[in-house]
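Undergrad: Give me a model of this one.
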Amino acid sequence: MLDRILNLVILATMLVSSVPIDAAQTRRSVDLLILGGTVVTMDANRRVLEDGGIAISAGRIVAIGPRVEIERGYQSQTTIDAKGKLITPGLINGHTHIPMVLFRGLADDLDLQDWLTKYIFPAEAKNVSEEFVRVGTRLGLAEMIRGGTTTYCDMYYFEDAIADETSKAGVRGVLGETVIDFPVADNKTNADAMAYVEKFVKRWQGNDLIVPAIAPHAPYTVSEEHLKAARAFSDRTGAPIVTHVSETKKELEDSLKAKNGSPVQYLERIGFLNDKVIAAHMVWPQGDDLETLKRRGVGVIHNPQSNMKLASGVAPVPKMLAEGLLVGLGTDGAASNNDLNIWEEMDTVAKLHKVFSGDPKIISALQAFELATIRGAQALHLDKEIGSLETGKRADLLLIERDSLNQTPMYNLYSDLVYATKANDVETVIINGRIVMRDCKLLTLDEPTIKKDASVFRERIIKSLTPPAGQ
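TA: Numbers count the residues shown, from 1 in each chain. Purely as a prediction, here's the structure:
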């Protein structure tokens, strides 16, 4: 009898102790778990997972699925309870000049040429320095993180400093050093600019967050020789090419006269276009321009609010989408927008094309959200890495509040995201598996100092543009 009792005690002890040991052995340790909430994957099937879960390790998504499955298979010392939240891919801003946030509101209600030549170029000549660029970049990064932008594509001066600040803040960027055929703040000649780009690209290639690029400004500000040199540099190094193409009707008319073809036709003729090119604006394509862009695999970035504000025109985005071009959304610089808010661009892209075409079905809420996520990633040639929440991709994602007044009540997920959700509904931002904002608190940037530094530059800019007394 005693032996029987002893055996039962031993068996019970073995059963009790074996359960947690076996369970622990089968659960993989990861860096971060996100459990609960509605996961908007934006994968090929556009799956939406209610009560989902995501496991993240070494900056990538290692598993995504129902919460109970993720809990069963993974464990982490850091877990975010996402119950009641939306979990979406991070937003992608496909075209910026990020330090120009320091010129926000400096010159408004002008056409592009007057805005550039009478206000922006003079202001840049007198104020842009590496310090200016760093202060402006930190301000722009803080604004974008708060609004849920996890990747942006930039072109400006001192881009190495922009890359440095972007990396420190933990944000992903395709960052292009501007090449332009007149002296600018960081490089006075094309030779200087190309030498700068060489060092810049060599320093940042292979970085987890930074994709260094060359950015010839536009066909009308860069000579044929220098455009060809930019293409050759890209071919040799693999660096993307960021540029402006067909932004205004004047640019088109000037190109037809001087180059005997549209900007796209000219760039195709000189062998510039390929699947490394990211072309901002494309408001005025002509003839077979769209077919050329598709055939060459060029990414096109639509900037609806900037184009509206400068009266540059309305890009034929519905036609681009119908013909299968790679199209994303951008804000342009905050000097011509006047913000870096992709939520507003989503709302605008749907409404602008409805009223312009007279067809309320022309761009749906789902398509608008695609332009800011997976389609935006395709336009930057990064869709294998970002743009959707899928196993193996970079862990760039947002947790969004669902019970704000402007989201109540909610009937349709994508309608709510595009037409009702605002930047301040973004609660937590994760980039490359790192939490850069949690519960609306920036973790990688000092917001009070950023605002103070920006105010100092405001005074400098005003003083630099004020004529001395008596003039």
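Undergrad: Setting aside sequence neighbours, what's the nearest residue to residue 252?
TA: residue 284 (4.4 Å; Cβ to Cβ, 6 or more residues apart in numbering). Placement of C-beta: from N, CA and C, glycine included.
Undergrad: Distance of the one you found relative to residue 223?
TA: For residue 284, the distance to residue 223 equals 22 Å [Cβ to Cβ, to the nearest Å].
Undergrad: Show me which of these two is the more surrounded one.
TA: Between residue 284 and residue 223, residue 284 has the larger neighbour count (other Cβ atoms under 10 Å), namely 24 against 12.
Undergrad: hang on, residue 210 packs against residue 173?
TA: Yes: Residue 210 is within contact range of residue 173, at 5.8 Å (criterion: Cβ atoms under 8 Å).
Undergrad: intersection of neighbour lists for the two?
TA: Each of 163, 166 lies in contact with both residue 210 and residue 173 under the rule Cβ atoms under 8 Å, 6 or more residues apart in numbering.
Undergrad: Which one's more surrounded, these two?
TA: It is residue 173, of residue 210 and residue 173, that has more neighbours when counted by other Cβ under 10 Å, with 30 against 23.
Undergrad: ok, and the closest non-adjacent residue to the more buried one?
TA: Closest to residue 173 by Cβ to Cβ, 6+ apart is residue 166, at 4.6 Å.
Undergrad: SS state for the one you found?
TA: Following DSSP: H, G, I helix; E, B strand; the rest coil, the label given to residue 166 is helix.
Undergrad: I'd say it and residue 208 touch.
TA: No: look at residue 166 against residue 208 with Cβ under 8 Å: they stay out of range, at 11.7 Å.
Undergrad: Check what pLDDT residue 107 gets.
TA: If you check residue 107, the pLDDT there is 87.
Undergrad: which residues sit in contact with it?
TA: Contacts for residue 107 (Cβ under 8 Å, 6+ apart) come out as 115, 118, 119, 120, 123, 335.
Undergrad: which residues touch the fifth one?
TA: Neighbouring residues of residue 123 by Cβ under 8 Å, 6+ apart: 103, 106, 107, 461, 464, 465.
Undergrad: More neighbours: which of residue 166 and residue 208?
TA: Higher neighbour count among residue 166 and residue 208: residue 166, with 26 against 14, using other Cβ under 10 Å.
Undergrad: could you list every residue that touches the more buried one?
TA: Contacts of residue 166 (Cβ under 8 Å, 6+ apart): 137, 141, 172, 173, 175, 209, 210.
Undergrad: Residue 262 now?
TA: By Cβ under 8 Å, 6+ apart, the contact list for residue 262 reads 246, 252, 255, 256, 284, 285, 286, 287, 289.
Undergrad: Which ones among the residues you listed map onto helices?
TA: 252, 255, 256, 289 (DSSP state H).
Undergrad: Of the residues you listed, which pair is most distant in space?
TA: Farthest apart among the ones in helices among the contacts of residue 262 by Cβ to Cβ are 256 and 289. That separation is 12.2 Å.
Undergrad: who's more crowded, these two?
TA: Applying other Cβ under 10 Å to residue 256 and residue 289 shows that residue 289 carries more neighbours, namely 21 against 15.
Undergrad: quick one: that one from residue 227, how far?
TA: Using Cβ to Cβ, one gets 17 Å for the distance from residue 289 to residue 227.
Undergrad: ok so, going back, in the contacts of residue 107, which residue is surrounded by the most others?
TA: residue 335 (24 neighbours).
Undergrad: you'd agree that residue is up against residue 103?
TA: Yes: applying Cβ under 8 Å as the test, residue 335 and residue 103 come out as touching, 3.9 Å apart.
Undergrad: list residues touching both of the two?
TA: In terms of Cβ under 8 Å, 6+ apart, residue 335 and residue 103 are both contacted by the residues residue 120.
Undergrad: Neighbours of residue 460, how many?
TA: Counted by other Cβ under 10 Å, the residues lying close to residue 460 total 14.
Undergrad: so it is in which element?
TA: helix 447-465 (DSSP states H and E).
Undergrad: now residue 391
TA: Applying DSSP H and E, one finds residue 391 in no helix or strand.
Undergrad: dump the residue contacts of it.
TA: Counting by Cβ under 8 Å, 6+ apart, residue 391 has contacts 61, 62, 63, 64.
Undergrad: how about TSV for those, with secondary structure added?
TA: As requested, the contacts of residue 391 are exported to TSV (three-state DSSP):
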residue	secondary structure
61	strand
62	strand
63	strand
64	strand
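Undergrad: Under the pLDDT cut-off, which ranges of the protein? List them.
TA: Residue ranges of the chain with pLDDT under 70: 1-25, 467-471.
Undergrad: Double-check residue 174 against residue 385; I have them as touching.
TA: No: with contact defined as Cβ under 8 Å, residue 174 does not count as touching residue 385 (11.1 Å).
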